[in-house]
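Novice: Let's see this in three dimensions:
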Amino acid sequence: MRRFPPERIVCLTEETVETLYLLGEEARIVGVSGYAVRPPQVRREKPRVSAFTSADLPKVLALEPDLVLTFSDLQAPIVADLVRAGVAVHAFNQRDLAGILAMIRTLGALVGAAERAAALADSYRRRLDAIRADRAGLPRQRVYFEEWDEPMISGIAWVSELVAVAGGEDVFADLSRQPAATGRIVTADAVVTAAPDLILASWCGKKVRPERIAARPGFA
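Specialist: Numbers count the residues shown, from 1 in each chain. All right, here's what the predicted structure looks like:
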């Protein structure tokens, strides 16, 4: 890192972009992922330099970043290229709600906004606790959350935890703690057997097609 706090940050995933805006530190951002959409003005204000598993390395380097923020093992090849090019990189790997709150605090510390980050994380924790308390004792719906469709991948730990906070029961909660997405692959038969009351879907990087889900054998 050339300067502290870093003055020129490239964010290769969207959650660090949104967090920096929430902390009032968006002026430090000089490049973002093409998937960054929150807040809406980010698409107008910041140049897009990456997808999720690929990045335009010359474009990133041309921005002369002090720090590049990445996420997960899926971006490890990008990280390796950046490190070889002499760029400072911080790779986040949050998988559960505690990890998300820790990411917010860590990011705040990296940009010299530790107190604001702690307040933001604490506000989220209070909201989660209030929702959990509000739903306590009520009937719980069984939920299948689909993160990807081909192959079918069930929700990561933080999604499973949010389902529980909201008053549901993740039918594949036992898979949510798997360290890799491949450990959360499920079959249509397994979903039918689990008999969820509700199916939620958020396919990473592409629009959900409910009609495709409904057309699966046994899903009627």
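Novice: A194 is in contact with D170, isn't it?
Specialist: No: using CB atoms under 8 Å, A194 makes no contact with D170, being 9.7 Å away. Heads up, the C-betas are built off the backbone N, CA and C, glycines and all.
Novice: Look at these two and report which has more neighbours.
Specialist: The neighbour count for A194 versus D170, taken as other CB atoms under 10 Å, is higher for D170 (24 against 15).
Novice: My understanding was that the more buried one contacts F145; is that so?
Specialist: Yes: if you go by CB under 8 Å, D170 and F145 touch, sitting 6.5 Å apart.
Novice: Identify each of the helices in this structure and give its residue range.
Specialist: 14-22, 42-45, 57-62, 76-84, 97-110, 114-135, 157-165, 188-194, 210-214 (DSSP state H).
Novice: will you turn those helices into TSV that also has mean pLDDT?
Specialist: Below are those laid out as TSV (pLDDT from 0 to 100):
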stretch	mean pLDDT
helix 14-22	98
helix 42-45	95
helix 57-62	97
helix 76-84	97
helix 97-110	98
helix 114-135	98
helix 157-165	97
helix 188-194	97
helix 210-214	96
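Novice: Break this protein into its domains for me.
Specialist: 9-126, 141-214 (automatic domain parsing).
Novice: Run a quick neighbour tally on the residue nearest to A51 when sequence neighbours are not counted.
Specialist: Of all residues not flanking A51 in the chain, G34 sits nearest, at 5.6 Å (CB to CB, 6 or more residues apart in numbering). A count of neighbours around G34, defined by other CB under 10 Å, yields 17.
Novice: still on that earlier bit, out of the domains of the chain, which gets nearest to D134?
Specialist: For the domains of the chain, proximity to D134 was assessed by CB to CB; domain 141-214 is nearest, at 8.2 Å.
Novice: measure that closest one end to end?
Specialist: 19 Å (CA to CA, to the nearest Å).
Novice: returning to that earlier point: now the common contact residues for A194 and D170.
Specialist: Y144 (CB atoms under 8 Å, 6 or more residues apart in numbering).
Novice: In the longest strand belonging to the chain, which residues are buried?
Specialist: The residue-count maximum for a strand in the chain (DSSP state E) belongs to strand 141-149. Buried positions in strand 141-149, judged by neighbour count with 16 or more other CB atoms under 10 Å: V143, Y144, F145, E146, E147, W148.
Novice: Show me what the fourth one is bridged to.
Specialist: It stands for E146. Judged by DSSP bridges, the bridge partners of E146 are S154, A201.
Novice: wait, doesn't it sit right on I153?
Specialist: Yes: if you go by CB under 8 Å, E146 and I153 touch, sitting 7.1 Å apart.
Novice: and A113, what does it touch?
Specialist: P5, L23, G24, E25.
Novice: May I ask which two of those are separated the most?
Specialist: Across those, the two lying at the largest distance from each other (CB to CB) are P5 and G24, at 12.7 Å.
Novice: which one of those two has more residues nearby?
Specialist: Neighbour count, other CB under 10 Å: between P5 and G24, P5 has more, with 15 against 10.
Novice: first vs last residue of stretch 177-193, how far apart are they?
Specialist: 21 Å.
Novice: can you pull the buried residues of that stretch?
Specialist: Q178, A181, R184, V186, V191.
Novice: could the residues you listed be laid out in TSV, adding distance to S160?
Specialist: Listed next are these as TSV, based on distance: CB to CB, whole Å:
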residue	distance to S160
Q178	11
A181	13
R184	10
V186	13
V191	15
